[in-house]
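J.: Everything below, folded, please.
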Amino acid sequence: MSASPPASDGMVRIDGGSFRMGSSEFYSDETPVHDRAVAPFLIDRYEVTNEQYTRFVEETGYVTVAERELDPADFPGADPAALVPGAMVFTPTAGPVDLREWRNWWRWEPGAYWRQPFGPDSSIDERMRHPVVQIAFEDATAYAEWAGKRLPTEAEHEYAARGGIEGARFAWGDEPYPDGRPLANSWLGRFPYENKGVGDAAPVGSYPPNGYGLYDMTGNVWEWTSDFYTPRHLRLSDKPVDAGRRQNLLATASAEEGFSTPRRVLKGGSHLCSPDYCLRFRPAARSPQAEDTAMSHIGFRCARDI
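T.: Numbering: from 1, shown residues only. So this is what the prediction gives:
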């Protein structure tokens, strides 16, 4: 595993190679650990920022999913008056709650979208170097196409996140906080009510880079990939489909589990990942996300073929 000098447009060249993808230590959807190869590619050094996304919207007039009117036909039985544009916003609790129920700390916020990530009273005016959030899959792919790039595959993201360290739990080794020092933006304290860390996404590049010179590949905000989610890793011999000259793995898991909206793989974890609830600020970690759902801890970065 190796990287070449950074590309001139803020991307880093990853020379590609083979690695052991996944983990058998933490969550079942990270299994099985298997050999995987990736071809050389370029990937953004940083997560896409509010400043970059602003430029994209100003030049194209693009309207994100969270800003669009909702069709009552898609929500049978719902009160039409409640069907207003918005997104999901994290809200700390006053004290301990049942960690099996995510609705205890997530709320639907009318008027929340990327310019107002926490609702109508919020703004990105002082957050231009923060990663853009409240981004649905379509919003990320639209930006990538405008920039002449694409979203990374899950394998590319994990390979790049490892930074050349083979088999380690984290991007820097096996300890989550070496010498008590956080090397990624994660939740420090008792989730979801006590946080001694940043408590929010940090400006990109606030934490040390990995071995490839990439920042925030774990922690800060979850990042979209191009892969469809499956409840375990599929090997390349399992249901391969062409994903634009790169292997993607499409399974029927979403339909079988009752999900009508396709789910994609998120990688990298976020500032909400806590060892007592969600130990996912690791390269092998992954999470399913409905394509049409924007949240206050989800952003992205882009890749490009060489």
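
J.: Name the residues that touch stretch 84-91?
T.: Here stretch 84-91 makes contact (CB atoms under 8 Å, 6 or more residues apart in numbering) with 66-70, 105-113, 117-119, 134, 192, 272, 293-297. Bear in mind the C-beta positions are built from the backbone N, C-alpha and C, glycine included.

J.: ok but A140 is inside a strand, no?
T.: No - per DSSP: H, G, I helix; E, B strand; the rest coil, A140 lies outside any strand segment and is helix.

J.: Can you report how many residues lie near the closest residue in space to it that isn't next to it in sequence?
T.: Nearest residue to A140, sequence neighbours excluded (CB to CB, 6 or more residues apart in numbering): F300, at 4.1 Å. Other residues near F300 number 28, with proximity taken as other CB atoms under 10 Å.

J.: Tell me the buried residues in stretch 274-293?
T.: Of the residues in stretch 274-293, those with enough neighbours to count as buried (16 or more other CB atoms under 10 Å) are 274, 278-291, 293.

J.: So which of these is the closest to S28?
T.: R286 (10.9 Å; CB to CB).

J.: and that closest one, bridged to which residues?
T.: Bridge pairing for R286 (DSSP bridges) gives the partners K267.

J.: What's the separation between it and S23?
T.: Relative to S23, R286 is positioned 10 Å away (CB to CB, to the nearest Å).

J.: hey, what's in contact with both of the two?
T.: E30.

J.: State the number of residues packed around the nearest residue in space to E30 that is not next to it in sequence.
T.: Take E30 and drop its neighbours on the chain: the residue closest to it by CB to CB, 6+ apart is S23, 4.5 Å away. Look at S23: counted by other CB under 10 Å, it has 20 neighbours.

J.: Residue ranges in the chain under the pLDDT threshold?
T.: Residue ranges of the chain with pLDDT under 70: 1-9, 235-260.

J.: ok, which stretches of it are helices?
T.: Using DSSP state H, the helices of the chain run over 50-60, 137-146, 154-162, 253-256.

J.: Present these as CSV; the columns should include distance to G16.
T.: Shown next, in CSV, are the helices of the chain (distance: least, CB to CB, whole Å):
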stretch, distance to G16
helix 50-60, 26
helix 137-146, 20
helix 154-162, 8
helix 253-256, 28
